[in-house]
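J.: next one to model:
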Amino acid sequence: MNGNQVGTLSEVVEKKNDNASSLDHAMHVAGIGWYNIKYCLVLALFLIAAIVEPIGYSYILPASKCDLNITDAQRGFLASVPYIGIVLTSFPWGYLVDTRGRKKSLILGSLAAGMFIMLSAFMPNFISFAACKFLSALCTACPAAAPYTFIGELVPLKYRDVTLSVTNAMQILGSVIVPLFAWAVLPLDFRVDFGAYDFRPWRLLTMMYGFLFILAALLLLCGPESPKYLLSQGRYDETLELLKIIYSKNKKKSPDEFPIKSLKIDETVQKEKIRFLTSLKVQTLPLFKPPYIKWMILNSSIFFGILATANGLYIWVPDIINRVLTGDSEGATACEIIAQRLNATGDDIVECDDSLDTTTFLINFVANLTCAVIAIVVSSTVKIIGKKNLLISVLLIIGLFCALVNVVTQDILFVIFLSAMPVLALAIGPVNAYAVEIFPTHLRGMAVSLSMMMGRIGSVIGANIAGIMLNAACEVTFYFFGGLLMFCGLMSFLMPSSKAKQTKEVLMTKM
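T.: Down below sits the predicted model:
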């Protein structure tokens, strides 16, 4: 592209901006209705699938330990695999989401993740099983983060906070699906001889978890691309046509009645095709310079604390509950019961037992369902509560619950405090809502992906810390994660106000 072409493009952009509408105003005119909602639900399914996969390890690993000869050390490694893969690929997936589109990236990543997960169900040993799981994890970073950006760009500005929070709360349904599917499948008693291995219930459960990715990708095939992405790529006519469709579906009117005829270009559109590394640099470096570096540090740090607990510690919750409820719990705390069981069985050599107490399934199902209902109700009132207040409250309350696990001796309180962790998903929506508001379209996907990458690093560290410390220093474990959440809650006071306009004003003053 030479200088004359740049000048011509600049003149065209200036003419288009005359008497044109901003995209936010056009989205407001198009409104919100079933068209927006149904695709937000589809995008929520990606998030549900992305949470089901790692949490599913809580049940699949204990049930498969005899067939795959998995040691405790290998179990800890496998529990970290989904997050390791996401950490390694969040950067390139963020690049693809920003440069190749939200829709294409989501479909590609989810189909690949689903196929590798289903393939792992047919692996005969630990190495091949871990390899398939690792390959699936490399593809999971996209459906684990990109839907937040997509959802925020698919609804009018004034509905963004509520939509992101409600959709995010629905992600907790993934925590409900995990024990529900496990409860339905793992107690089954069947064994199909495949020669090198037997096909048992845990393999069927693995396939069921993986199919959620494939289902979400198939449903999105007929969906739209993000209007903000289309506009940022200079595809003005496509953006306007999409807005007409949204208007027509929501208002039950003809697309030709859409009152807006042209869109204002708010951001620089680059037509040049540049090399990958150069483009990656352009999309990343601005995030680590003023005015965005402060928000990147805040978002990333809060995500680290949230996911270190919600994914890292929570992956061990079914095992912890099973240990406590099957031990001598009279007048003892959870850590005292765990210590008693370790002392009683430390020197014993027992036959491999991969059975799980069905009471654990029931408790986790009821607890997670309750958390999901609470989360959806609370998130639907986020405009009243304010996303900043919601974020702070969730982090401080769940942090306190983690610490209180060390002092309660009643089983019911222990189960309530420990099973409340899925409510942490409520904190993810507000943090991502800030990312959608603060960062411009061409940096937004990368910003969300990098923040989530830090969160996944927290998941890896959290899962391994919990696995090591639960036996060696049980009480320290719960104080550590509780303190981490409360620290993140205090950091959240530094976030801008809940209103989008005020967020933008804060950002502009920093510029």
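
J.: for Cys488, give me the pLDDT.
T.: Note on Cys488: pLDDT of 95.

J.: please name the nearest non-neighbouring residue to it.
T.: Sequence neighbours aside, Gly305 is the residue nearest to Cys488 in space, at 3.6 Å (criterion: C-beta to C-beta, 6 or more residues apart in numbering). To be clear about C-beta, it is placed using only N, CA and C from the backbone, and glycine gets the same treatment.

J.: could you list every residue that touches that neighbour?
T.: 395, 458, 484-485, 487-488 (C-beta atoms under 8 Å, 6 or more residues apart in numbering).

J.: so which of those belong to helices?
T.: 395, 458, 484-485, 487-488 (DSSP state H).

J.: can you put the residues you listed in TSV and add neighbour count and distance to Pro422?
T.: Below are the ones in helices among the contacts of Gly305 laid out as TSV (neighbours: other C-beta atoms under 10 Å; distance: C-beta to C-beta, whole Å):
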residue	neighbour count	distance to Pro422
Leu395	26	14
Gly458	27	16
Leu484	22	17
Leu485	29	14
Phe487	16	21
Cys488	26	17
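
J.: which of these sits closest to Gly312?
T.: Of all these, Gly458 has the smallest distance to Gly312: 6.5 Å, by C-beta to C-beta.

J.: next, the contact list for that closest one, please.
T.: Contacts of Gly458 by C-beta under 8 Å, 6+ apart are 303-308, 311-312.

J.: which of those ranks first by neighbour count?
T.: Comparing the contacts of Gly458 by number of neighbours (other C-beta atoms under 10 Å), Ala308 comes first, having 29 neighbours.

J.: okay, now the unreliable bits of the stretch 351-500 of the chain?
T.: Low-confidence segments of the stretch 351-500 of the chain (pLDDT under 70): 351-355, 498-500.

J.: can you give me the helices in it?
T.: All helices of the stretch 351-500 of the chain, identified by DSSP state H, counting those that start in this stretch, fall at 358-379, 382-385, 387-404, 411-419, 425-438, 441-472, 474-491, 500-510.

J.: tilt between the longest one and helix 474-491?
T.: Meaning helix 441-472. 160 degrees (axes from the mean of the first three to the mean of the last three C-alpha atoms, to 10 degrees).

J.: swap in the fifth one?
T.: With the same axes, to 10 degrees as the criterion, the two stretches helix 425-438 and helix 474-491 enclose an angle of 30 degrees.

J.: dump the contacts of Gly458 to a markdown table, plus pLDDT.
T.: Shown next, in a markdown table, are the contacts of Gly458 (pLDDT from 0 to 100):
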| residue | pLDDT |
| --- | --- |
| Phe303 | 92 |
| Phe304 | 94 |
| Gly305 | 94 |
| Ile306 | 94 |
| Leu307 | 89 |
| Ala308 | 91 |
| Asn311 | 80 |
| Gly312 | 82 |
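
J.: out of those, who's nearest Val382?
T.: Ile306 (16.6 Å).

J.: ok, which stretches of the stretch 201-350 of the chain are helices?
T.: Under DSSP H, counting those that start in this stretch, the stretch 201-350 of the chain gives helices at 201-220, 227-232, 236-251, 276-284, 293-307, 317-325, 334-345.

J.: for these, give me JSON lines that also has distance to Leu173.
T.: Shown next, in JSON lines, are the helices of the stretch 201-350 of the chain (distance: least, C-beta to C-beta, whole Å):
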{"stretch": "helix 201-220", "distance to Leu173": "11"}
{"stretch": "helix 227-232", "distance to Leu173": "27"}
{"stretch": "helix 236-251", "distance to Leu173": "25"}
{"stretch": "helix 276-284", "distance to Leu173": "32"}
{"stretch": "helix 293-307", "distance to Leu173": "18"}
{"stretch": "helix 317-325", "distance to Leu173": "17"}
{"stretch": "helix 334-345", "distance to Leu173": "27"}
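
J.: residue nearest the centroid of the protein?
T.: Ala144 (4.5 Å; C-alpha atoms, centre = their mean).

J.: how close does it get to Ala216?
T.: Distance, Ala144 to Ala216, by C-beta to C-beta, to the nearest Å: 12 Å.

J.: tell me, what's touching those two both at once?
T.: With C-beta under 8 Å, 6+ apart, Ala144 and Ala216 have common neighbours Phe46.
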